[in-house]
Every structure is written in C-alpha cells, then in structure tokens.
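Enquirer: Requesting a structural model of the entry that follows:
(one chain, ligands or ions: 1)
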Amino acid sequence: MDIIFLHGIRARTVIGWYDWERTAPQAVEIDLDVGLPSARACVTDELRDTIDYDQLVQHLRRVLAEQHFLLLEALAEHIAHVILHDFGAPWVKVTVVKPGILTEVARVGVSIERGHRA
Ligand SMILES: Nc1nc2c(c(=O)[nH]1)N=C([C@H](O)[C@@H](O)CO)CN2
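Expert: This is a model prediction of the structure:
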C-alpha cells in the first residue's frame with residue numbers, strides 16, 4: 001500500500017483533561033501516515049487520483065479550531081475517522097504529541113492505527 005505522510009504538523013487547539021488546560025489553546029504536533037486507496041496517481045500523474053495533502057491539512061486545521069477534546073486519544077480517534085470516512089483512506093496512523101507538557105519527558109503523546117493496511 002502506498003502512503004502519504006505529513007509529519008510535524010504544528011497547531012494550537014484547546015485540549016486537556018484539567019480545567020486549566022481548557023482556558024486557552026495549547027501547542028500540539030501531529031504526524032499523519034495515510035494509506036492510499038490505489039497507486040493510480042503514480043501512473044496518471046493526476047491529483048484527482050490520490051488524496052490531496054493540502055486538503056487534508058486544511059481539514060485538520062478546521063477540526064482543531066472547531067472541536068475540543070479532553071484526551072489526546074479522542075482527538076486522534078476523531079482525526080482518524082475523518083481521514084478514513086471523508087478522504088477514503090483504507091488505513092491511517094495518527095500520532096498526536098503535546099510538546100513540553102511534562103517537565104521531565106521530551107515528547108509525550110498518543111499513536112493510533114485504524115483501518116486495514118494491505
Ligand atoms: N493517556 C492520556 N493521559 C493523559 C492525557 C491524555 O490526553 N491521554 N492528558 C492529560 C492532561 O490533559 C495532561 O496533558 C496534563 O497533565 C493527563 N494524562
């Protein structure tokens with residue numbers, strides 16, 4: 001299966017289990033690995049035959065601006081659902097990191113895989 005990846009997407013969103021986290025947006029970093037439904041674009045050289053990563057990032061930014069979650073797991077699940085159902089990907093891996101949230105940990109986050117990897 002061919003994969004489009006977008007690693008190190010930096011954004012700000014309201015997320016967190018604790019009340020103090022839900023008063024203002026905080027930084028998150030997102031990695032997406034998105035399985036492609038076919039390898040057609042490799043042959044046709046047509047954007048319509050693949051998943052447009054510009055559209056993917058725009059959609060993701062809308063989600064982060066409009067939807068607020070308590071846990072990284074719930075945010076990752078929502079992103080995975082959108083990519084599978086709205087963009088027609090057969091498989092996706094979503095990693096969401098909260099940089100700097102724990103003082104003694106360089107990177108803390110959640111990684112989920114959904115769908116079927118051929
Ligand atoms: N498995 C998780 N554990 C925790 C999360 C989370 O999203 N998933 N979140 C928090 C707090 O919001 C944290 O960012 C600040 O302490 C704690 N644990």
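
Enquirer: ok, residue 115 - how many residues close by?
Expert: 16 (other CB atoms under 10 Å). C-beta: built from backbone N, CA, C; applies to glycine.

Enquirer: residue contacts, the closest residue to it other than its chain neighbours?
Expert: Spatially, and ignoring its direct neighbours in sequence, residue 115 is nearest to residue 91 (3.9 Å; CB to CB, 6 or more residues apart in numbering). Applying CB atoms under 8 Å, 6 or more residues apart in numbering, we find residue 91 in contact with 1, 34, 35, 113, 114, 115, 116, 117, 118.

Enquirer: Residue 91 and the ligand: what is the separation?
Expert: From residue 91 across to the ligand, the span is 23 Å (CB to the nearest ligand atom, to the nearest Å).

Enquirer: returning to that earlier point: quick one: which of the contacts of residue 91 has the most company?
Expert: Most surrounded of those: other CB under 10 Å gives residue 34, at 23 neighbours.

Enquirer: Contact partners for the closest residue to residue 2 other than its chain neighbours?
Expert: Excluding the flanking residues, the one nearest residue 2 by CB to CB, 6+ apart is residue 36, at 4.5 Å. Residues near residue 36 by CB under 8 Å, 6+ apart: 1, 2, 3, 4, 50, 51, 89, 90.

Enquirer: and the last one, what is it in contact with?
Expert: Counting by CB under 8 Å, 6+ apart, residue 90 makes contact with 1, 35, 36, 37, 84, 115, 116, 117, 118.
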